[in-house]
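Colleague: Everything below, folded, please.
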Amino acid sequence: MKKKLLALAVAAALPMVSQAATADVTIYGKIHTSIDYVNPDAKGADSIYDVTSRASRLGFKGSEDLGDGLKLIWKMETSYNTAEGGFGGGRNTYIGLAGGWGTFLYGRHDTPMKMSTGKLDLFVDELADYNATAGFVDIRANDAIAYVTPSFSGLTLVGAVVPDADYDGTGDLGGAYSVAAMYSNGGLFLAAAWEQLDDLFGGANVDHWRIGAGFDMGNFHIGAVYADQGNITDSNNLQISGAMKFGNNKVKAMWAQIDPDSGSKLNAWAIGLDHNFSKRTKMYVQYADSEAGLQSTNPSGDQSGFSFGMVHKF
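Modeller: So this is what the prediction gives:
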């Protein structure tokens, strides 16, 4: 009797297993949490200790083969606060089509500008992330419509438009534009990007551009990113970084400068050590000092700090 019941249960489960395999759904995520100590250099200001969730996330993604080289792709991803609990705002979430002609997608997504130099930020999502220390403006846009070309001997082009119905109510298709070109060959990586963000920032002639370069040679990496941020921040921004791997470890460092159109230049630097326990798990420690402030707490004024973090991807 028990064998008959087991056989019936297996038979009932087979359609669901077949359906799940056909759907090609992947569950993934990242847990990234750090212990931070931030010391404001201003007299009378209190030092801060904090446990910080750093872009931790949970996501689902999948695809379906539509035949003739065409594939449907989709992703749903949201942030999760691993320090205090609870889901947060949406991350990249989209649906689209992919084939030999490239990839078309629409939904919520990083702009091509953000995509262009992300791999050159050695401290991404950490205390010394270049958005805080170097002041780069990166946007994950709602309502994005994007196209990514296939690779042409290492060259990839990306373009996106953002309808402005959610911003000023007129419903124009081109509320914002973003384009980027990325070239990768051997150890060389080059990137250039430009964005027009008039309706996202509520004004006219809001645009900025950025270039980046990186080179990997064996265990060594060097990279640089420069941006003219126009009237978004009225500044020119630069970061230079480098890293050296030895065994399961990596030493990394960066120097950054924000040069405003008016006022004094603001400098920042950081040094860190990563240790990889595996391909999915790492631990790091770093020190950062920035005249523009650090990411973990109030990002203003001269601050320095230590950060110890652990990252696990699944």
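
Colleague: show me the residues around the residue lying closest to residue 216 once chain neighbours are set aside that make contact.
Modeller: Of all residues not flanking residue 216 in the chain, residue 187 sits nearest, at 3.9 Å (CB to CB, 6 or more residues apart in numbering). Placement of C-beta: from N, CA and C, glycine included. By CB atoms under 8 Å, 6 or more residues apart in numbering, the contact set of residue 187 is 215, 216, 217.

Colleague: go with 10 Å
Modeller: 214, 215, 216, 217, 218, 220, 221 (CB atoms under 10 Å, 6 or more residues apart in numbering).

Colleague: Helix or strand next in line after the helix or strand where the second one lies, which one?
Modeller: Same thing as residue 215. Take DSSP states H and E as the rule and residue 215 turns out to sit in strand 207-217. Reading on from strand 207-217 to the C-terminus, the next helix or strand found by DSSP H and E is strand 220-228.

Colleague: Tell me which other helices or strands that following strand touches.
Modeller: helix 112-117, strand 188-196, strand 207-217, strand 235-246, strand 249-260 (3 or more CB pairs under 10 Å, 6 or more residues apart in numbering; DSSP states H and E).

Colleague: Show me which residues of that strand are buried.
Modeller: Neighbour-count burial for strand 220-228, counted by 16 or more other CB atoms under 10 Å, picks out 221, 223, 224, 225, 226, 227.

Colleague: And stretch 194-202, by the same measure?
Modeller: Buried-residue list, stretch 194-202, by 16+ other CB under 10 Å: 194, 195, 196, 197, 198, 199, 200.

Colleague: What of stretch 258-277?
Modeller: So for stretch 258-277, counting by 16+ other CB under 10 Å, buried means 258, 266, 267, 268, 269, 270, 271, 272, 274, 276.

Colleague: now, which of these sits nearest residue 178?
Modeller: Set against residue 178, the nearest of these by CB to CB is residue 258 (21.8 Å).

Colleague: these two touch, right, residue 285 and residue 270?
Modeller: No - between residue 285 and residue 270 there is no contact under CB atoms under 10 Å: 11.4 Å.

Colleague: which neighbours do these two share?
Modeller: residue 307.

Colleague: picking that back up, which ones among the buried residues of stretch 258-277 lie within helices?
Modeller: Judged by DSSP state H, these include no members of helices.

Colleague: In those, find the pair that's most separated.
Modeller: 266 and 276 (32.5 Å).

Colleague: And residue 104, how far from residue 66?
Modeller: Per CB to CB, to the nearest Å, residue 104 is found 13 Å from residue 66.

Colleague: Compare these two and say which is more crowded by neighbours.
Modeller: residue 104 (15 against 12; other CB atoms under 10 Å).

Colleague: where's the more buried one, which helix or strand?
Modeller: Residue-wise, residue 104 maps onto strand 102-110 under DSSP H and E.

Colleague: List the buried residues in that strand.
Modeller: For strand 102-110, by 16+ other CB under 10 Å, it's 103, 105, 106, 107, 108, 109, 110.

Colleague: Not counting its neighbours along the chain, what's nearest the second one?
Modeller: The shortest distance from residue 105 to any residue that is not its chain neighbour, by CB to CB, 6+ apart, is 3.0 Å, and that residue is residue 96.

Colleague: Looking at strand pairing, list the partners for that neighbour.
Modeller: Legend: beta-bridge partners of residue 96 under DSSP bridges are residue 73, residue 105.

Colleague: number of nearby residues for it?
Modeller: Going by other CB under 10 Å, the residues that sit close to residue 96 add up to 20.

Colleague: so what's it up against?
Modeller: Applying CB under 10 Å, 6+ apart, the residues near residue 96 are 63, 71-75, 103-107, 109, 145-148.

Colleague: tally of neighbours for residue 134?
Modeller: Residue 134 - counted by other CB under 10 Å - has 27 other residues nearby.

Colleague: quick one: contacts for residue 274?
Modeller: By CB under 10 Å, 6+ apart, the contact set of residue 274 is 122-123, 126, 243, 245, 248-252, 282-286, 309, 311.

Colleague: follow-up on the earlier one: farthest pair in the buried residues of strand 102-110?
Modeller: 103 and 108 (15.8 Å).

Colleague: Cool, thanks, signing off.
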